[in-house]
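Novice: After the sequence you'll find the predicted model.
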Amino acid sequence: MLIAKTIVEVRTVRWADSNVTWGLVPTMGALHEGHLSLVRRARAENDKVGVSIFVNPTQFNNPDDLARYPRMPERDCDLLRAEGVDLVWAPDPPEIYPPGYQTYVTVEEVTRPLEGASRPGHFRGVATVVAKFFNVFQPTRAYFGQKDAQQVAVIRQMARDLAFNLEIVTCPIVREADGLAMSSRNVRLSDSERKSAVVLYGALFGASEAWKHGERSANKLREMMTRFIEAEPLARIDYVSIADPGTLLEIEGRAEQALLSLAVFIGEVRLIDNMVVGN
Ligand code: AMP
């Protein structure tokens, strides 16, 4: 497994043989089984697999969150080597944002609700870094998790609008045994917070069961999720959403198909999760 720092190194490895297909898995490191599920899918569908590890400063709207983001590059490389990854790209921030850098990618409507409303500038940072990684790496396919449902929608929109020549593959959410969606931020939870964190899944599961039993009122589903989370003392709601899966705008009437999503602070750690109901 090669570990590259620079753009030049990545391009050299990527284009050593132009007939080879490459899958790219962009990550911020502190890897867990969620990331590894993307790596395995990429491994199965491409000749070679590249993984980027970059804690992208421009997508953090909160400097404290950036400072506290877990970093464990050696452990990450051991995990990726065991998965048969061919290339790890772990650039330092100035390689991506050299002095004088001034170009950003702004995706419009789909970035406005949900995470975009709670984290101003977040998707500008995400779209910019992913566009740069696509340009440098030029993968055949790129792999993203449904865990970040709006991120997938933003990247698909950007790839379509800017005609990136690659396939975007979305992979299902990997969960802990109790239902908590795996996340690099979970390591920041204390034992009691870790137990409380299952409320995100509990709220989604409860609403999706109600939907399966015929409840279609978006308001009722939102209320049900809100009440469930409010009963957990360590949890504080950022948002609870029943949205149109295409536009990500809130549904006011009947939810025939919906993205159920939420962002909740457990102590100081902000967690997100989602589930889709309907086709
Ligand atoms: P991150 O390192 O958090 O930026 O995540 C890198 C990629 O892994 C993103 O496409 C995430 O959506 C995906 N990912 C993170 N957690 C999970 C999970 N629990 N299940 C599936 N994919 C995930």
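Specialist: Sure thing, it's come through.

Novice: check whether stretch 90-100 contacts the ligand.
Specialist: No - with CB under 6 Å from any ligand atom as the criterion, the ligand is not reached by stretch 90-100; the gap is at least 12.6 Å. No exception for glycine: its C-beta is placed from N, CA and C like everyone else's.

Novice: Need the pLDDT of the closest residue to residue 129 other than its chain neighbours.
Specialist: Nearest residue to residue 129 in three dimensions, chain neighbours excluded: residue 56, at 4.5 Å (CB to CB, 6 or more residues apart in numbering). Looking at residue 56, its pLDDT is 98.

Novice: again with the one 10 residues further on
Specialist: pLDDT for residue 66: 96.

Novice: Please identify the helix or strand for the nearest residue to residue 243 once chain neighbours are set aside.
Specialist: Nearest residue to residue 243 in three dimensions, chain neighbours excluded: residue 259, at 4.9 Å (CB to CB, 6+ apart). Using DSSP states H and E, residue 259 maps to strand 258-266.

Novice: Report all helices and strands that that strand contacts.
Specialist: Judged by 3 or more CB pairs under 8 Å, 6 or more residues apart in numbering; DSSP states H and E, strand 258-266 is in contact with helix 114-118, helix 149-161, helix 199-212, helix 218-230, strand 235-243, strand 269-277.

Novice: ok, 7 Å please
Specialist: Judged by 3 or more CB pairs under 7 Å, 6 or more residues apart in numbering; DSSP states H and E, strand 258-266 is in contact with helix 199-212, helix 218-230, strand 235-243, strand 269-277.

Novice: how many other residues sit next to the residue nearest to residue 243?
Specialist: Residue 259 has 24 neighbours, counted by other CB atoms under 10 Å.

Novice: separation between it and the ligand?
Specialist: Using CB to the nearest ligand atom, to the nearest Å, residue 259 is found at 14 Å from the ligand.

Novice: returning to that earlier point: phi, psi of the residue nearest to residue 129?
Specialist: phi -80, psi 110 (degrees, to the nearest 10).

Novice: Let me see the ranges of the helices in the stretch 51-200 of the chain.
Specialist: Remark: helices assigned in the stretch 51-200 of the chain by DSSP state H, counting those that start in this stretch are 63-68, 73-82, 93-96, 114-118, 122-137, 149-161, 191-196, 199-212.

Novice: With mean neighbour count and distance to residue 240 as added columns, please give the ones you listed in JSON lines.
Specialist: What follows is these, written out as JSON lines (neighbours: other CB atoms under 10 Å; distance: least, CB to CB, whole Å):
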{"stretch": "helix 63-68", "mean neighbour count": "11", "distance to residue 240": "21"}
{"stretch": "helix 73-82", "mean neighbour count": "15", "distance to residue 240": "33"}
{"stretch": "helix 93-96", "mean neighbour count": "14", "distance to residue 240": "34"}
{"stretch": "helix 114-118", "mean neighbour count": "20", "distance to residue 240": "10"}
{"stretch": "helix 122-137", "mean neighbour count": "21", "distance to residue 240": "19"}
{"stretch": "helix 149-161", "mean neighbour count": "19", "distance to residue 240": "14"}
{"stretch": "helix 191-196", "mean neighbour count": "15", "distance to residue 240": "16"}
{"stretch": "helix 199-212", "mean neighbour count": "20", "distance to residue 240": "7"}
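
Novice: rewinding a little: quick check: angle from the strand holding residue 259 to helix 218-230?
Specialist: Counting by axes from the mean of the first three to the mean of the last three CA atoms, to 10 degrees, strand 258-266 points 20 degrees away from the direction of helix 218-230.

Novice: what does strand 258-266 contact?
Specialist: 114, 118, 149, 189, 193, 196-197, 199-200, 203-204, 207-208, 218, 221, 225, 229, 234-243, 245, 248, 251, 270-278 (CB atoms under 7 Å, 6 or more residues apart in numbering).

Novice: tell me the pLDDT at the residue nearest to residue 194 when sequence neighbours are not counted?
Specialist: Using CB to CB, 6+ apart and skipping the chain neighbours, the partner closest in space to residue 194 is residue 186 (7.1 Å). pLDDT recorded at residue 186 is 98.

Novice: Quick one: name the residues of the stretch 1-150 of the chain near the ligand.
Specialist: Neighbours of the ligand within the stretch 1-150 of the chain, by CB under 6 Å from any ligand atom: 27-28, 34-35, 37-38, 144-145, 147-148.
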